[in-house]
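Participant: Give me a model of this one.
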Amino acid sequence: MDKEAVWDVVVSERHALLEHLRVLTPEEWDHPSLCAGWRVRDVAAHVISAPQLRWRATGRVMTQMWRGYNGAILRDGLQRGAAPTAEILAQYDRWAGVRRGPLTVTHVEPLVDVLVHSQDILRPLGRVHVPPPEAAVVAADRSRLLAPLVGSTRTVRRVRMRATDTEWERGRGPVVEGPALELLMLCAGREAEATLLAGEGVEVITPA
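Facilitator: Residues are numbered from 1 along each chain as shown. This next block holds a predicted model:
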């Protein structure tokens, strides 16, 4: 996918997430997400912060880097998630179509953010959204490069991943086959839906 195609998906997926967020109950907004320590509202606010992070806002996050990268991002997400639900939705209305992300990243990181964090939000709530597999493997490639940050180094180094819904295969070792979205989740340090995976590598990545 070229840069413009990636941004097309980012914008489309932000709007798709917004439609899910619009119908959440107050209890669902405060439900734990797949990210430890993050509620649904915190993750939602974090996703839409991406196009808003210009120099000043980025600088505020950077001042918290003494907490470590993940600690700084968590603090920023919790602060943003404390906003009223209506304000978070209004941010999506204003910013979802803006084709940019934080100043310190490429155009691919916002794709990773919206695809993975949409699942972080929706899966614990029993809601389903499947992004284009061609976009999911672009995000998976970038997540593999970021494995030390997202905690997936051990997984991506031990198995060979093969998508069953698009042409994509990466890694060495016993094969794990499945939809591109589930392989992206593994690359991003999340648990995949085990019933959708096959191959000898499944035993390697499954905790005993």
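Participant: what's the helix or strand for the residue most central in space within the chain?
Facilitator: The centroid of the chain falls nearest to residue 116 when counting by CA atoms, centre = their mean (2.2 Å). Per DSSP states H and E: residue 116 is located in helix 108-122.
Participant: Three-state assignment for residue 50, please.
Facilitator: Following DSSP: H, G, I helix; E, B strand; the rest coil, the label given to residue 50 is helix.
Participant: one step back: pLDDT score for the residue nearest to the centre of the chain?
Facilitator: Model confidence at residue 116, expressed as pLDDT, equals 98.
Participant: check contacts around it.
Facilitator: 139, 143, 184, 185, 188, 190 (CB atoms under 8 Å, 6 or more residues apart in numbering). C-beta here means a position set from N, CA and C on the backbone, and glycine is covered the same way.
Participant: Also compute the angle for the longest helix seen in the chain relative to helix 108-122, please.
Facilitator: Longest helix in the chain by number of residues (criterion: DSSP state H): helix 3-22. With axes from the mean of the first three to the mean of the last three CA atoms, to 10 degrees as the basis, helix 3-22 and helix 108-122 are set at 20 degrees to each other.
Participant: How much space separates the residue nearest to the centre of the chain from residue 139?
Facilitator: 7 Å (CB to CB, to the nearest Å).
Participant: picking up where we left off before, which SSE is immediately downstream of the helix holding residue 116?
Facilitator: helix 133-145.
Participant: Which helix or strand lies directly C-terminal to that following helix?
Facilitator: Remark: after helix 133-145, the chain's next helix or strand is helix 147-150, criterion DSSP H and E.
Participant: and that following helix, what's its mean pLDDT?
Facilitator: 91.
Participant: same thing with stretch 12-30?
Facilitator: Stretch 12-30 comes out at a mean pLDDT of 98.
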